[in-house]
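**Q** can't give you the sequence, but here's the structure:
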């Protein structure tokens, strides 16, 4: 599989990533199946899909943190700054996590330890990765909290998570992720649990921080509004696979995969508020219950016999824009659309 | 949930096995008069058979009065198990009535009953039993059943109240209410049948605790009175007989051990705080990446209310 | 926090009232306790002096007032104030229960942490089975087994009492060793059960804490596994405090049996002596004081939990 990325050595390159869980009758279920994409420094890539498509699992796998009893299958590759992460011993991987490579979680209400002050929790990350005294770590924590927009950070740092609002907690989580100045930040639905105003603030914060630090940002979301606002490039996932990827403008202007088209059609639009929301028929099948051939075929209006026979490859639509659909295959290109 | 328990996958087998053991012990007790080689109170030979260690003729030995210990353990089990089982029935009956009433009444009644139960649980049970059995005693077996039963139902009532409140909040109950079912009918049709699993899981643990209490009272000379055999009275004979006569404590003790452990295994499905165990059985792919929809994390909210996280369940049923 | 104190007071009052009611409903009183060959006039005089002629309500209030002043009444058995007898017996019981509690918290938490961090492993399951048995056993059973094995069988440890008869003549070091040797079996009898209780709660609390999203966050930030467990335990030891409060009544019950079996000169033995001698004041005094200490201990455990848990401290209800 080749990478379409422009720069020769991307910050993060995921290739042939497969995550499997033991299923019924000793048949493993692949929740992530052959995912490949790249993130460059200073770039924002959005990983989009409905819940259950494997996008969060992909994010965790990038850090080597697949929840038990899942396993990352052999042959999967996650290359970060030229280092093969999955081949590293756990100790070295641990030293990278939270340091060069950080993750912001999606549950700000619960992802903080309830019996520690938030300052302690940010300082903990500093103390794990830097040879810092308690006092220095605390000072860096407070400075970072200030930086992510926690007002009166010195006092807030002494408070416990339950004393803070959801927006502030998400800022604390972002501070934990950023306190070591990572090269790549993975943010998994960082705004879903927040109300709209706070969402906008957190997204603006992430944009500013990315611009200031030049880090790469892998943003995982199901919200195409967030995608439109944040992304340079978009990776759409369905049933554990990448079904389409491309620059945000191209993808929004000319979505090539029927699933992406369905997602975009289901998106409420400001310009034509009265247009009915087209929804994709059917529901996301559970992992392990995907149909043969193209996993999207039983919800796809364009499905043909070919779709049941073989799973399509990622075909190029335009340079840098690819879709996993028989309709965009070179042979079918003439017939499509 | 086929296998949602803490101590491993083969718990289903363990629970079934434990019920079997309980059944066998109950059968041994029930058929004691036919199984026991001697009458339990017969003083066989006051001189030759006084406090004799186990032998072929008397596999469990004899006591200070020349009585056959095997026969006494069998008959004693009959008494101990019968007293405990009846006391559990009494206690669980009262607990169900109180718990369901509290949950069905709701509001202030519910709060008041729960407070009262908390107070009752905070008084050491044995102290009250000792006063009653000591000053009104010696109590006849029937009274003993009542006294033991009526002093040990508070934690069961609390669990029943919790479960009932949860059941009454279910959609089908609301639906039934909407169609005009009165509270008595709701309780009879929608509540009591659903309490059965809870009660059957609590019953063996409650039985173990009650049996321990009965034997304990016997041991203190406040329960079943000699010469009537019960596991408690045999243990008491063992203590008074002194150091040498180990068979007087070992055999009734072993019989108790079997019943108590089997009962706890049988009730273990409900054992210690259960929040962790649901997770064990959850089919994995759903929890893999996306947040599991199974509600709040355990300690964020639950433990904010000490009474709620209380390790209700077998631990508090212990004497 | 005030309401926790009030709750403890209610517990004591209920226990006192129940004891009073039971003892007065029981057959016999000071008069009949004198025996048969006593002149009716004497009997009446004794009854009058004991206040038995007064209305029940007045007796109850007088008795309660006495309790508040620390006057637990007059023991008909030993013909001296109950308060004095209780004061003699109390330290032995506190010593016994205190040691048992310390051991069970220390060992129970350690075992629970070990198991919780390795949930599902072979060691966890083996220990879990052993603890289930220990947890199911009544204290007196454990006491009898230990007595039979360690004291009577192998003769390693003394079978009863708090000290040897000649302990007073031993040099200080040997006297201390003697005390400790007498303490081992009674403490062990109580602790075997309560270690199991504590360990099981600690195990499941730690498992819950390790499943908390914050733990995933810590791992994602590269916190080492040892430290992750430590952070999880910071939340997971709090339920143990709550448990301790709830477990105290059961521990008091266990102590009565253990004192009986090991002839430990504490409150439990005093209570049983009072029952044998049909000494209502003594029994009432021990029951009320026992309930009060249990209730106060439980309240202290709750207050400690409240102080230790930042989430509860916020609750204005306290």
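**A** Nice, I can see it. As the structure is a computational prediction, the values presented were derived from the model and not from experiment.
**Q** Might you report the residue contacts of residue 130?
**A** Using chain A. A:137, A:180 (CB atoms under 8 Å, 6 or more residues apart in numbering or on different chains). (Glycine included, C-beta is placed from N, CA and C.)
**Q** And it, how far from chain B?
**A** When distance is defined by CB to the nearest CB, to the nearest Å, residue A:130 is 29 Å away from chain B.
**Q** close to chain C, is stretch A:101-113?
**A** Yes. Among the residues of stretch A:101-113, A:102, A:103, A:105, A:107, A:110, A:111, A:112, A:113 lie within reach of chain C under CB under 8 Å from any CB of the partner chain.
**Q** where does the first one land in three-state SS?
**A** Following DSSP: H, G, I helix; E, B strand; the rest coil, the label given to residue A:102 is strand.
**Q** Once you drop chain neighbours, what's closest to residue C:26?
**A** Spatial nearest neighbour of residue C:26, excluding adjacent residues (CB to CB, 6 or more residues apart in numbering or on different chains): residue B:135 at 3.7 Å.
**Q** show me the contacts for residue A:287.
**A** Contacts of residue A:287 by CB under 8 Å, 6+ apart are A:21, A:29, A:30, A:31, A:52, A:54, A:239, A:240, B:285, B:288.
**Q** Let me know the pLDDT of the residue nearest to residue C:26.
**A** Residue B:135 is assigned a pLDDT of 86 by the prediction.
**Q** In three-state terms, label it for me.
**A** Put simply, residue B:135 is helix when judged by three-state DSSP.
**Q** ok, it - contacts?
**A** Counting by CB under 8 Å, 6+ apart, residue B:135 touches C:22, C:23, C:26, C:27, C:275, C:278, C:280, C:283.
**Q** on that earlier part again, and which of the residues of stretch A:101-113 next to chain C is nearest chain B?
**A** residue A:110 (4.8 Å; CB to the nearest CB).
**Q** what's around that closest one, how many residues?
**A** The number of residues packed near residue A:110 is 22, by other CB atoms under 10 Å in any protein chain shown.
**Q** Same check on residue C:232?
**A** Look at residue C:232: counted by other CB under 10 Å, it has 27 neighbours.
**Q** Distance of it relative to residue C:202?
**A** With distances taken as CB to CB, to the nearest Å, residue C:232 is found 11 Å from residue C:202.
**Q** Can you turn the buried part of the contacts of residue B:135 into a ChimeraX selection?
**A** A single ChimeraX command selects the buried members of the contacts of residue B:135 (16 or more other CB atoms under 10 Å in any protein chain shown):
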select /C:22,23,26,275,278,280,283
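**Q** Now, the contacts of residue B:135 that are in helices?
**A** Taking DSSP state H, the ones among the contacts of residue B:135 that sit in helices are C:22, C:23, C:275, C:280, C:283.
**Q** Run through those residues and flag the ones next to chain B.
**A** Near chain B, judged by CB under 8 Å from any CB, the entries from those are C:22, C:23, C:275, C:280, C:283.
**Q** Dump these into TSV; add pLDDT as well.
**A** Formatted as TSV, these follow (pLDDT from 0 to 100):
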residue	pLDDT
C:22	88
C:23	86
C:275	89
C:280	87
C:283	92
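**Q** among those, which two are most distant?
**A** C:22 and C:275 (12.1 Å; CB to CB).
**Q** list the helices and strands the one helix or strand residue B:119 maps to packs on?
**A** For residue B:119, the host element (DSSP states H and E) is helix B:107-122. In terms of contacts (3 or more CB pairs under 8 Å, 6 or more residues apart in numbering or on different chains; DSSP states H and E), helix B:107-122 is packed against helix B:69-105, helix B:154-168, helix C:2-25, helix C:238-261, helix C:280-308.
**Q** same thing but 6 Å
**A** Packed against helix B:107-122, as judged by 3 or more CB pairs under 6 Å, 6 or more residues apart in numbering or on different chains; DSSP states H and E, are the following elements: helix B:154-168, helix C:2-25.
**Q** just checking, what packs against the first one?
**A** Contact analysis of helix B:154-168 by 3+ CB pairs under 6 Å, 6+ apart lists helix B:69-105, helix B:107-122, helix B:192-219 as its packing neighbours.
**Q** quick one: buried residues of it?
**A** For helix B:154-168, burial by neighbour count (16+ other CB under 10 Å) applies to B:154-165, B:167-168.
**Q** Name the nearest residue to whichever residue of the stretch 101-250 of chain C sits closest to chain A, ignoring sequence neighbours.
**A** Closest contact between the stretch 101-250 of chain C and chain A, by CB to the nearest CB, is at residue C:221 (3.0 Å). Nearest-residue entry for residue C:221: residue A:98, 3.0 Å, with adjacent residues in sequence omitted and distances by CB to CB, 6+ apart.
**Q** With residue C:285 instead?
**A** Sequence neighbours aside, residue C:72 is the residue nearest to residue C:285 in space, at 3.6 Å (criterion: CB to CB, 6+ apart).
**Q** Counting neighbours, what do you get for the nearest residue to residue C:151 once chain neighbours are set aside?
**A** Nearest residue to residue C:151 in three dimensions, chain neighbours excluded: residue C:159, at 3.9 Å (CB to CB, 6+ apart). Residues near residue C:159, counting by other CB under 10 Å, number 18.
**Q** Verify the contact between residue C:159 and residue C:150 for me.
**A** No. In this structure, residue C:159 is not within contact of residue C:150 by CB atoms under 6 Å, at 9.0 Å.
**Q** Low-confidence ranges, the stretch 151-300 of chain C, go.
**A** Within the stretch 151-300 of chain C, no range satisfies pLDDT under 70.
**Q** Secondary structure element holding the most centrally placed residue in chain A?
**A** The geometric centre of chain A, computed from its C-alpha atoms, lies nearest to residue A:220 (CA atoms, centre = their mean), at 2.8 Å. If you go by DSSP H and E, residue A:220 is part of strand A:216-221.
**Q** ok, and the closest non-adjacent residue to the residue nearest to the spatial centre of chain C?
**A** With distances taken as CA atoms, centre = their mean, chain C has residue C:252 as the residue nearest its mean C-alpha position (3.0 Å). Distance criterion CB to CB, 6+ apart; nearest residue to residue C:252, sequence neighbours excluded, is residue B:124 at 4.0 Å.
**Q** Helix, strand or coil: sort out the residue nearest to residue C:151 for me.
**A** coil.
**Q** Compute the number of surrounding residues for the residue nearest to residue C:76 when sequence neighbours are not counted.
**A** Closest residue to residue C:76 in three dimensions, ignoring its sequence neighbours and counting by CB to CB, 6+ apart: residue C:279, at 5.1 Å. Residues near residue C:279, counting by other CB under 10 Å, number 24.
**Q** For chain A, what lies in contact range of chain B?
**A** A:21, A:29, A:31, A:51, A:56, A:57, A:67, A:70, A:110, A:114, A:287 (CB under 6 Å from any CB of the partner chain).
**Q** Can you verify the last one is assigned to a strand?
**A** So the one you mean is residue A:287. No. Read with three-state DSSP, residue A:287 is coil and lies in no strand.
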